[in-house]
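J.: Next one to model:
(chains A and B)
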Amino acid sequence: MTMTSNEPVSVIQPDGGVRGFDEKVDAAELLHAYRTMLAVRAFDAICLKLQRSGRIGFSIPNEGVEATQVGAASALRKSDWIFPSYRDFGMALYHGVKPVEMMHNMFGNALDSARGRQMPVHFSFTQPIRFVSISSPIGTHVPQAVGAAYAAQLRGEDTVVLTSFGDGGTSSLGFHSGLLFAGVWKSPVVFLCQNNGWAISCSTEEQTASDGFAIKGEAYGVPGVVVDGNDLLAVRKVTAEAVARARAGGGPTLIEAKTFRMGGHSTSDDPKRYVPAEQVEYWKARDPLPRFGRYLTKAGLLDASKDAALKAEVEAEIAAAVKQAEQVGHPGLETIFSDVYATLPAHIRKQGEEAFDLAARRGGAAAGEGAFPL
Amino acid sequence: MATLTLLQAITDGLKTAMKDDASVLVFGEDVGKKGGVFLATEGLQKEFGAKRCFDTPLSEDGIIGAAIGMAMNGLRPVAEIQFQDFIFPAFDQIVSEAAKLRYRSGGQYTAPLVIRTPYGGGIRGGLYHSQSGEAYFCHTPGLKVVVPSTPHDAKGLLLASIADPDPVLFLEPKALYRSVKGEVPEGHYKVELSTLREARAGKDVVVFCYGAMVPVAQKAAEEAAASGIETRVIDLRTLLPLDEEGVLEHAKSTGRVVVLHEAPRFCGFGAEISALIAEHAIEYMEAPVVRVTGFDTPFPNTLEHHYLPDHRRVLDAIERVARF
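T.: Okay, here's the model as predicted:
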């Protein structure tokens, strides 16, 4: 018996009305979700300008996928854990991470939680929610999410772990081992596959011959559900159901959110080289932001002036974050050598001393001009 | 104090850790009901329950990936990889994730886990049950690599590894599992990581070795003594982070060095010891450093006794550096 339907769950209708959504969500929460989506878009727009003008090295755009990130995050508690991919920071923003904390990472400055060791967009936060340090290899975080969930289960906590990855991520080793273990252990994990159509330049048809991605859970005993990823209420609804089931001991769920990244894979990528123009037009008409806006307007929670005020507010907040983060200097030379181990081993201490000695005798190293190709 | 085999000492170490700390878990392929293919985890599931000692699906990537998540969320996982030869599906998890987590998160997230795995030859295991892959892992900042050679050290180093705040790869010399016995203290004790052990005293030549090569070096040293060469045998015990100063002191005080390991020579751990001495102690050296190692070939089955360094090869090297 198949557990997976390939018909995407959708809630918000073209006219802004809703179908099949009876969850009681208060107005403030809905407006916070909308504001977060605006903030993600504003953050991206500013980062693109910063990258193009050479003030930061790299960024990952989220335009088009905001409803998936924010809708899924809105179904979690602050005590839950998120093992994100690099196109998920709306989840952190939704739960209250400040844009300036993210901007410290974009500039790789001394206040960045990773001390500038990682590329931009590789965030790590522990408060107000566990948004686990992002790594660049694809899918490695998926079985880790299952392990973190096992720890919570063992202690009798009702924590749920959400892990997110793209359509390309389903081809990684970690996706399969993660689902395998979660199925066997009945882990309180929600697997969120953000099917945005493209893994850099590889289309979903080139990625898999499977009939969608949600069905891939079945062989692992993990039920799948497909959702309209550009419909915030639909993503919230299916994630909330999966979270509730996980919290109650019912095991994991694989959600496939069908969405579309309207920008490139990153600021180093030109999607015009591979994405057909008509596909962009198709999805542009389904932009999740105005779509959720129409719902809020019809529900009497938003009007044009309030919308403009919210946009101005988030843009000002992010512009202020840039100003603040750009003034912070580089991390000190010693941060190359710290945090490799809990305590500094003698051989690394020696190498650090040599680096300081060289800088004292011959001046500091010059920053390179290399551009990142991916 | 009980007399135990190296294998029994490891089981004792696991039991001690699980008794002391409820956050310690032991898992891997066949470690639960069966107690592991070498029986290192025998009795643990019965004593501590299936939530703390259990079998996993046959996926090394899943075992180590899950262990990292557990470690991040407050547990002290001790994961077993059945043979070190099968660790490579988890290489990404070990090298890209466990070893880098503290660094890339500025210490917000850490992975204090232990990966136990039997390594090395001596059981006629052929290409895929005999390898010594320590060099792959010693090239990974953020990871610790530990290799015991005695029952006392096996338990003490294992307990120190489990208590360590960083990820530790604990390589168990399977050839010594049942062939060496020794006195092992009861209850909790630690052998500090990154410390050397003098397995045999001697002033003329020093042999640096670890794991299953330690008794080989000791036997060769006894034979060398018969012809008047006093050989010191140093068991490195922790390969990363290595006690470099300790190695240099032994090199300087003898001026004659042999480095011994089972793994292939090219880019092997012996190259690091040799380079360390060349950089920092060359003026003390009376002879070139000689490496005795496995050949730069895959590990053979039928002829494994020719591949594995034995006391003849080590004695040959000791005499060469002594008479240079």
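J.: When you work out contacts or count neighbours from here on, use the C-alpha atoms and nothing else.
T.: Fine.
J.: The chain: helices as residue ranges?
T.: Reading this off chain A. In chain order, chain A shows helices spanning A:27-52, A:66-73, A:89-94, A:99-107, A:141-154, A:173-185, A:204-207, A:232-247, A:277-284, A:288-298, A:304-326, A:346-362, with DSSP state H as the criterion.
J.: my bad, the chain I had in mind was chain B
T.: With DSSP H as the definition, chain B shows helices at residue ranges B:6-20, B:44-48, B:60-72, B:91-92, B:101-104, B:134-138, B:151-163, B:213-226, B:244-254, B:269-280, B:304-307, B:311-322.
J.: Kindly provide the distance from residue B:99 to residue A:298.
T.: Plainly put, residue B:99 is 51 Å away from residue A:298 if you go by CA to CA, to the nearest Å.
J.: So for these two, which residue has more residues nearby?
T.: More crowded of residue B:99 and residue A:298, by other CA atoms under 10 Å in any protein chain shown: residue B:99, with 26 against 15.
J.: Might you report the residue contacts of that one?
T.: A:340, B:111, B:140, B:141, B:142, B:143, B:166, B:167 (CA atoms under 8 Å, 6 or more residues apart in numbering or on different chains).
J.: Could you identify which of the helices of chain A is most buried?
T.: Highest mean neighbour count among those (mean count of other CA atoms under 10 Å in any protein chain shown): helix A:66-73, with a mean of 30.
J.: Identify the residues contacting that one?
T.: By CA under 8 Å, 6+ apart, the residues outside helix A:66-73 that reach it are A:33, A:36-37, A:40-41, A:88-91, A:94-95, A:194, A:229-236, A:239-240, A:257, A:259, A:288-289.
J.: Export the helices of chain B to JSON lines and append columns for mean neighbour count.
T.: As requested, the helices of chain B are arranged in JSON lines below (neighbours: other CA atoms under 10 Å in any protein chain shown):
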{"stretch": "helix B:6-20", "mean neighbour count": "23"}
{"stretch": "helix B:44-48", "mean neighbour count": "17"}
{"stretch": "helix B:60-72", "mean neighbour count": "29"}
{"stretch": "helix B:91-92", "mean neighbour count": "18"}
{"stretch": "helix B:101-104", "mean neighbour count": "26"}
{"stretch": "helix B:134-138", "mean neighbour count": "19"}
{"stretch": "helix B:151-163", "mean neighbour count": "25"}
{"stretch": "helix B:213-226", "mean neighbour count": "20"}
{"stretch": "helix B:244-254", "mean neighbour count": "18"}
{"stretch": "helix B:269-280", "mean neighbour count": "18"}
{"stretch": "helix B:304-307", "mean neighbour count": "16"}
{"stretch": "helix B:311-322", "mean neighbour count": "20"}
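J.: Please identify which of those helices is closest to chain A.
T.: Put simply, out of the helices of chain B the one that sits nearest chain A is helix B:60-72, at 3.8 Å, with distance taken as CA to the nearest CA.
J.: and the angle for that closest one with helix A:173-185?
T.: Orientation of helix B:60-72 against helix A:173-185 (axes from the mean of the first three to the mean of the last three CA atoms, to 10 degrees) gives an angle of 70 degrees.
J.: so how far is helix B:60-72 off the chain centroid?
T.: A distance of 21 Å separates the C-alpha centroid of helix B:60-72 from that of its chain, computed with CA atoms, centre = their mean, to the nearest Å.
J.: Return it as CSV; C-alpha atoms alone will do.
T.: Extracted C-alpha coordinates of helix B:60-72, given in CSV (Å, rounded to 0.1, in the frame of the first residue of the first chain):
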residue,chain,number,x,y,z
GLU,B,60,28.8,3.3,8.5
ASP,B,61,27.7,6.7,7.3
GLY,B,62,24.5,6.4,9.3
ILE,B,63,26.3,5.1,12.4
ILE,B,64,28.8,8.0,12.5
GLY,B,65,26.3,10.6,11.3
ALA,B,66,23.9,9.6,14.1
ALA,B,67,26.7,9.5,16.6
ILE,B,68,27.6,13.1,15.8
GLY,B,69,24.0,14.2,16.3
MET,B,70,23.9,12.3,19.6
ALA,B,71,27.1,13.9,20.7
MET,B,72,25.9,17.4,19.8
